[in-house]
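S.K.: sequence and predicted structure are below.
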Amino acid sequence: MQTSFTLAQLADPDIAESEKILRACVHCGFCTATCPTYVLDGNELDSPRGRIYLIKDMLENDRPATVEVTLHFDRCLSCLACMTTCPSGVHYMHLVDHARVHIENTYSRPLGDRLLRSMLAKLMPYPQRFRLALAAAVLGKPFAPLIQAVGLKRLAAMLRLAPWHGPHRPLAPQIFPAAGPRRRGRVALLTGCVNDLLAPQINAAAIRVLTRSGVEVVVAEDAGCCGSLVHHMGRDEEALSQARANIDAWGALEGLDAIVITTSGCGTTVKDYGYMLRTDPAYAEGAAKVAGLARDITEYLATLPLAPDRSAPGLTVAYHSACSLQHGQRVTRQPKELLVKLGFAVKDVPDGHLCCGSAGTYNILQPDIARRLREHKVGTIEGLRPDVIAAGNIGCMTQIAAGTKLPIVHTVELIDWATGGPCPPALRQASVAFDDSGPSAAAG
Ligand code: SF4
Ligand code: SF4
C-alpha cells in the first residue's frame, strides 16, 4: 500500500512504525475471511482491510477520529485472526493499538460511554477494588433481565458475566518452593487481575504442577495488572505505567528462567512490552528482557518432563484455543500435546480461529456482537459432545460458560489433575461425578 506521510509526521516513532506496517499491506483481502466481525455482517469497514484504510486515512491526514471510525474500531475484537491469515506479515496488532490511542486522544465519546470505560479502567486492574465491584455484582445479578429490558444492555452484560458466588481473595506475594531434591527452575507467576478473584483454582493448579516438577514459583511483591485491559482501550499512559511497575517488580528477582502466565490475554501484552516501551530509555532494556522471559503456562510446562500420575483419563476434551494464545502468541501445539500425553482425548473446535466474543472487556462494551459470537462458539463446541471444555484464558472461560452447561476448565487444571492434583471444581460440580482418586475414576 502506498503512503504519503510527510517527513515531519515520520519523525514520530509511532507514525513511522505504522507507516511501515501500512506499506506491507497489499490489499489482497485474505484477512477478511477469518475476521469475526466481517464474517458476521459482511461490512468491509468491519474487516481488517477496511480498518487498515481507515487508520491510513486518519493518520496520514492527521484527522481526529469520527464517530463512524470509532464505531468500526470499537467493533474490532483485537482477536488478531487477521494476523495469522495475512500472507504479507502485516502487524495489525501494533496498527490497531496505535489507532486506539489516536481515538482516545482525538475523539470525545458520549458521556455514558466515557463513564463505563473509566469505571472498567479504574476497577478491573486493581484486585481490591474489583473485588468490591464483584461483590456488588453478585447482588445485582438476578436483576440482569430487568436491566436488559430497560435498555441498559452493557450493564446487563456485566451482571450476566459476574459469578453467582462472591469473589475470592487475590494470591498474596510469596515464594512456593520447588518440591523434591532437584530444582529444575525458578519462575515468576503473573497471577492476573481477574483469575484469582473468579477462579483461584487456576493459579493454584499451575503452582502445584510447577512445584511438583521441581520449579520454584515466585509471586512478586508489587507485580500487578499487565496493562492489557487499558491498553486495548487506548489508555496508553496507564498501560505503560502498569507495564513499568511489573518490569520493576520482576527485574528485582534474581535467577528467573521464565515469567509464567496463566491468562493468555495478559501473556500477549507482556510479550509485547519490548515494543511498547522501545522508546523509553529507562525501561527499553528491562522491557525487552521481561518480554523475552514471558511464557504461557503450557509453553513452559511443555519443556518439563511431565508424566501422568494416574491411569489414562479417557475424557473427551474440546480444546478452545483462545485468540490471544493462537493468534497473539502462536501457541497452538503445546496445550493439546500436553493433554494428549496425559491421556485425554482432545478435539479441535470447528471454526476454531473465530473469537468467542470475550476479548477483554469486549463482551461488556459490545454485548450484541459478543453474544452472537458466543452462540456460534458454543454451538460448535457442543456439536463435539465433549465431556469438558478446556481453554487457557479466564475471559474465554467466563464468556463460554455463560452459554453452556458443559463444564469448562483451564488447561492447567486438567494437567494438574492428571499429574497428581485434585479434580477441577467445574468437573466436580458437573452432573457427571468425578473424584480426587483420578480422572479414570470418572463415572459415565
Ligand atoms: S491479508 Fe494482509 S495484506 Fe491482505 S489485505 Fe489483509 S492485511 Fe492487507
Ligand atoms: S483483530 Fe479480529 S476483529 Fe479485529 S480486524 Fe483483525 S480479525 Fe477482525
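M.R.: Received it, and whenever you're ready, just let me know what you need. Treat the numbers as computed from the prediction; the structure is a model and nothing was measured. Ligands and ions are numbered 1, 2, ... in the order given.
S.K.: residues in contact with whichever residue of the stretch 251-400 of the chain sits closest to ligand 1?
M.R.: Taking C-beta to the nearest ligand atom, ligand 1 has its nearest neighbour within the stretch 251-400 of the chain at residue 327, 13.1 Å off. For the C-beta atoms, the positions are set from N, CA and C on the backbone; glycine is no exception. Applying C-beta atoms under 8 Å, 6 or more residues apart in numbering to residue 327 gives the contacts 79, 80, 81, 83, 84, 353.
S.K.: closest one of those residues to ligand 1?
M.R.: When the contacts of residue 327 are ranked by distance to ligand 1 (C-beta to the nearest ligand atom), residue 83 comes first, at 8.1 Å.
S.K.: nearest spatial neighbour of whichever residue of the stretch 51-200 of the chain sits closest to ligand 1, skipping sequence neighbours?
M.R.: Nearest residue of the stretch 51-200 of the chain to ligand 1 (C-beta to the nearest ligand atom) works out as residue 86 at 3.2 Å. Spatial nearest neighbour of residue 86, chain neighbours left out: residue 31 (5.3 Å); criterion: C-beta to C-beta, 6 or more residues apart in numbering.
S.K.: for that neighbour, what are phi and psi?
M.R.: Dihedral pair for residue 31: phi -60, psi -20, per degrees, to the nearest 10.
S.K.: and the chain, which residues reach ligand 1?
M.R.: Neighbours of ligand 1 within the chain, by C-beta under 6 Å from any ligand atom: 25-31, 48-49, 52, 82, 85-86, 88, 90.
S.K.: tell me which of those is nearest to residue 340?
M.R.: Nearest to residue 340 among these, counting by C-beta to C-beta, is residue 85 at 26.3 Å.
S.K.: could you give the number of residues near that closest one?
M.R.: 19 (other C-beta atoms under 10 Å).
S.K.: just residue 220 next, same as before
M.R.: Neighbourhood size, residue 220 [other C-beta under 10 Å]: 22.
S.K.: show the pLDDT at it.
M.R.: Residue 220 carries a pLDDT score of 96 in this model.
S.K.: and the residue nearest the centre of the protein?
M.R.: Geometric centre of the chain, nearest residue: residue 265, 2.0 Å, by C-alpha atoms, centre = their mean.
S.K.: now do the SS call for that residue.
M.R.: When classified by DSSP: H, G, I helix; E, B strand; the rest coil, residue 265 comes out as helix.
S.K.: touching, it and residue 360? I think so.
M.R.: Yes - if you go by C-beta atoms under 8 Å, residue 265 and residue 360 touch, sitting 6.1 Å apart.
S.K.: who touches both of those two?
M.R.: Common contacts of residue 265 and residue 360 (C-beta under 8 Å, 6+ apart): 228, 395.
S.K.: phi, psi of residue 81?
M.R.: Torsion angles, degrees, to the nearest 10, at residue 81: phi -60, psi -30.
S.K.: skipping adjacent residues, who's closest to it in space?
M.R.: residue 34 (4.4 Å).
S.K.: next up, the contacts around the one you found.
M.R.: With C-beta under 8 Å, 6+ apart, residue 34 has these contacts: 81, 82, 84, 85, 353, 354.
S.K.: a markdown table for the contacts of residue 327, including pLDDT?
M.R.: Shown next, in a markdown table, are the contacts of residue 327 (pLDDT from 0 to 100):
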| residue | pLDDT |
| --- | --- |
| 79 | 97 |
| 80 | 97 |
| 81 | 98 |
| 83 | 98 |
| 84 | 97 |
| 353 | 96 |
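S.K.: of the residues you listed, which ones also sit close to ligand 2?
M.R.: Within the contacts of residue 327, those near ligand 2 by C-beta under 6 Å from any ligand atom are 79, 80, 81.
S.K.: ranking by neighbours, what's the top pick from these?
M.R.: That'd be residue 79 among those, by other C-beta under 10 Å, with 28 neighbours.
S.K.: quick check: buried residues in the helix or strand of the chain with the lowest mean pLDDT?
M.R.: Sorting the helices and strands of the chain by mean pLDDT, DSSP states H and E puts helix 153-161 at the bottom, at a mean of 82. By 16 or more other C-beta atoms under 10 Å, the buried positions in helix 153-161 come out as 154, 155, 156, 157, 158, 159, 160, 161.
S.K.: the residue nearest to residue 86 touches residue 85, doesn't it?
M.R.: Yes - Residue 31 lies in contact with residue 85 (C-beta under 8 Å); the separation is 4.9 Å.
S.K.: residues in contact with residue 108?
M.R.: Per C-beta under 8 Å, 6+ apart, neighbours of residue 108: residue 114.
S.K.: distance-wise, check it relative to residue 68.
M.R.: Residue 108 is 15 Å from residue 68, where distance means C-beta to C-beta, to the nearest Å.
S.K.: still on that earlier bit, which elements pack onto the least confident helix or strand of the chain?
M.R.: The contact analysis (3 or more C-beta pairs under 8 Å, 6 or more residues apart in numbering; DSSP states H and E) places helix 153-161 against helix 127-140, helix 144-149, helix 362-365, helix 367-382.
S.K.: neighbours of residue 408, just the number please.
M.R.: Using other C-beta under 10 Å, residue 408 has 24 other residues around it.
S.K.: just want the residue of the stretch 101-250 of the chain that's nearest ligand 2.
M.R.: Closest approach between the stretch 101-250 of the chain and ligand 2, counting by C-beta to the nearest ligand atom: residue 232, at 10.6 Å.
S.K.: go ahead and confirm that residue touches residue 77.
M.R.: No - here residue 232 does not reach residue 77: they are 9.5 Å apart, not a contact under C-beta under 8 Å.
S.K.: spit out the residues that contact the two alike.
M.R.: Each of residue 359 lies in contact with both residue 232 and residue 77 under the rule C-beta under 8 Å, 6+ apart.
S.K.: quick one: which of the two has more around it?
M.R.: Set residue 232 next to residue 77 and count neighbours by other C-beta under 10 Å: residue 77 wins out with 25 against 22.
S.K.: let me know whether the more buried one touches residue 40 as I believe.
M.R.: No - look at residue 77 against residue 40 with C-beta under 8 Å: they stay out of range, at 10.7 Å.
S.K.: dump the residue contacts of residue 148.
M.R.: Listed by C-beta under 8 Å, 6+ apart, the contact partners of residue 148 are residue 156.
S.K.: next: residue 58.
M.R.: Taking C-beta under 8 Å, 6+ apart, one finds 65, 69, 99, 102 in contact with residue 58.
S.K.: try residue 30
M.R.: Residues near residue 30 by C-beta under 8 Å, 6+ apart: 85, 86, 87.
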